[in-house]
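[1] for reference, the sequence and a predicted model appear below.
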Amino acid sequence: MSNDTAVSQAPRKVHINYQAVAIFAAAAVIFIIFGILNENFLTVNNLRDVAVSASVNALIGIGITFVIITGGIDLSVGSIASFVGIVSAALMVNNGVPAIPGLLIGLVIGFLAGAVNGFLITLLKLPPFIATLGTMSVFQGLAYVATNGQPVYNVPEQFVLLLNSYIGGVPIVVVVVIIVAVLAWLLLRKTVFGQNVIATGGSEETAWLSGVRVTRVKVIVYGISGLLAALGGLVIVARISAAQSEAGAPYLLTAIAAAVIGGANLMGGEGRIAGTLVGALILGALTNGLVLLNVPSFYEQIVTGLVVVIAVAIDQGSKGWSGFRRNRGGAKPAAPTTDGPTAPSEEGATAGSTLTR
C-alpha cells in the first residue's frame, strides 16, 4: 500500500464545538429540572407558552448577534422596539392605515433607525456603546412624543392575527422566529456579506485591507439589528393588542443575554444564530419555570444575571484552558469558531476575490 493510499484512507478528525454542545446540554438540563419540580412544565401547552415568551428575545437577539460579531453593541434595540410599536399602532388606530402596510412601515422605520446607529459609528467614529446609548434615549423620547406618552389601544384585529394567531396549533410568532433564524443563518454562513461580517469582527483593519467595505457592512448590520428590534416591538403590540411607550425597554438586557448565553463573544468575531435561539429559550424557560414554582418575579433578574455571568465565565475559561494547553506545546491558538465561515486571513483573501470592496 502506497503512502498516498494510506493517507487517503486515514480517518478524518471530527471537530466538536464543545461550547455549542454545552449550551444545548444546559438547556436540556434546565428543562428537565423544571419538569421534575413541576409536572405542568413539560406539557404541550406550557412548552408552547415558553416558545412564545422567548420569541421577542430571539428576534431582537438575532439582530444583536450580527452586531456583536462585528465587535459592536446596540443598546438602542429596546427603544427602537418601543418607538416602532407606538408609531405603527398609532398609524393603524388613528390614521386608518391597514395592518400589512402598518407592519411594513414599522419594519422600514426600524431599519432606518438602526442604520442611523451605523452611520454614527462609522462616519462620526463614535464608540458603539456611546452612539447607541445616545440613540437609546433619542428613540425612547420619540416614542413618548409620538403619542404624548399615552398608550394606544384597540389595535386592529387584522394586525393582531398577523403575529398572534396559530397555524396548525403552532403560534405564528414561533414560525416567524424560525423563518428569521433560517434566513439569518443563511445570510451569515452562505453569503459573501456573512464572510465580510465575520472578517470585520475578526480584524477590522485586515478586513479593510482585504477589500471589505467595512462602513457599508456595519451600517447594514446595525440596520438588521434595528429591523429585528422593530419586528420584536410589533410582536409585543400584537400580543397585548395595544402599544405602550416603554413596552420594548425590558427586552434590551434579556436579548443581549440571549446572544451572550448562545456563544456570542463581546470582543467580536464569534457568534451563532442557533446559540442565540437556545439562549432565548433558556431565558424563557427560567421565567416560566420560576412562575410555576411561585417564585417572586423580582428573583428572575437575579437568576438571569447569574446565568449570563456563568455562561461568559465558562466561555472565557474554556478558551483560556485550551489556549494554555496549546501554548505549552508551542502551537498557536486556533481561530475562534462562528456560526458561519471563519474570517479569511490577510494572506488568503485578496481584494475582489471572495470579499467585496
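    Here it is on my side, so go on.
[2] and N40, backbone torsions?
    Backbone torsions of N40, given as degrees, to the nearest 10, read phi -80, psi -10.
[3] next one: it from L47, what distance?
    10 Å (Cβ to Cβ, to the nearest Å). (Glycine included, C-beta is placed from N, CA and C.)
[4] more neighbours: which of those two?
    Per other Cβ atoms under 10 Å, whichever of N40 and L47 has more neighbours is L47, with 17 against 11.
[5] in the stretch 101-250 of the chain, which spans are strands?
    166-167, 170-171 (DSSP state E, counting those that start in this stretch).
[6] where in the stretch 101-250 of the chain is pLDDT low?
    By pLDDT under 70, the stretch 101-250 of the chain has no low-scoring segment.
[7] can you show me the helices along it?
    Ranges of helices in the stretch 101-250 of the chain, per DSSP state H, counting those that start in this stretch, are 128-147, 157-163, 172-190, 192-202, 204-209, 214-240.
[8] check which residues of the fifth one are buried.
    So that's helix 204-209. For helix 204-209, burial by neighbour count (16 or more other Cβ atoms under 10 Å) applies to E204, T206, A207, W208.
[9] in this structure the second one contacts A199, no?
    Yes - counting by Cβ atoms under 8 Å, T206 sits close enough to A199 to count as a contact (7.2 Å).
[10] give the burial count for A20, as a bare number.
    A20: 17 neighbours (other Cβ under 10 Å).
[11] give me the three-state assignment for it.
    Assigned with DSSP: H, G, I helix; E, B strand; the rest coil, A20 falls in the helix class.
[12] measure it to V278 for me?
    A20 is 9 Å from V278, by Cβ to Cβ.
[13] over to G202?
    24 Å.
[14] V97 now?
    37 Å.
[15] between these two, tell me which one has more neighbours.
    Each of V97 and V278 has its neighbours counted (other Cβ under 10 Å); V278 has more, 22 against 19.
[16] residues touching the more buried one, list them.
    By Cβ atoms under 8 Å, 6 or more residues apart in numbering, the contact list for V278 reads I23, F24, A27, I261, G262.
[17] now, those residues that are in strands?
    Within those, no residue falls in strands by DSSP state E.
[18] which members of these are the farthest-apart pair?
    F24 and I261 (11.5 Å; Cβ to Cβ).
[19] more crowded one of these two?
    I261 (27 against 12).
[20] the closest residue to the more buried one other than its chain neighbours and G223, how far apart?
    Leaving aside its sequence neighbours, I261 sits nearest to G279 (Cβ to Cβ, 6 or more residues apart in numbering; 3.5 Å). From G279 across to G223, the span is 23 Å (Cβ to Cβ).
[21] kindly report the same for G284.
    From G284 over to G223 (counting by Cβ to Cβ), the distance is 27 Å.
[22] touching, A229 and G248? I think so.
    Yes - contact status for A229 versus G248: in contact at 7.2 Å, counting by Cβ under 8 Å.
[23] looking at these two, which one has more neighbours?
    Set A229 next to G248 and count neighbours by other Cβ under 10 Å: A229 wins out with 34 against 31.
[24] what sits against the more buried one?
    59-60, 63, 74, 76-78, 80-81, 84, 110, 114, 248.
[25] looking at the residues you listed, which are in helices?
    Counted as lying in helices by DSSP state H, out of the contacts of A229, are L59, I60, G63, V77, G78, I80, A81, V84, G110, G114.
[26] and G223, how many neighbours?
    So G223, with other Cβ under 10 Å, has 22 neighbours.
[27] that one touches F119, doesn't it?
    No - the pair G223 / F119 is not scored as a contact, 9.9 Å apart, by Cβ under 8 Å.
[28] so where's the stretch 251-357 of the chain shaky on pLDDT?
    315-357.
[29] quick revisit: any idea how far the residue nearest to I261 is from G211?
    33 Å.
[30] more neighbours: which of the two?
    Taking other Cβ under 10 Å, G279 and G211 do not tie; G279 has more neighbours (33 against 17).
[31] so which strand or helix has the more buried one?
    helix 273-292 (DSSP states H and E).
[32] buried stuff in that helix?
    For helix 273-292, by 16+ other Cβ under 10 Å, it's 273-290.
[33] run through the residues that contact G262.
    Here G262 is in contact with I23, G61, T65, G271, R272, A274, G275, T276, L277, V278, G279, A280 (criterion: Cβ under 8 Å, 6+ apart).
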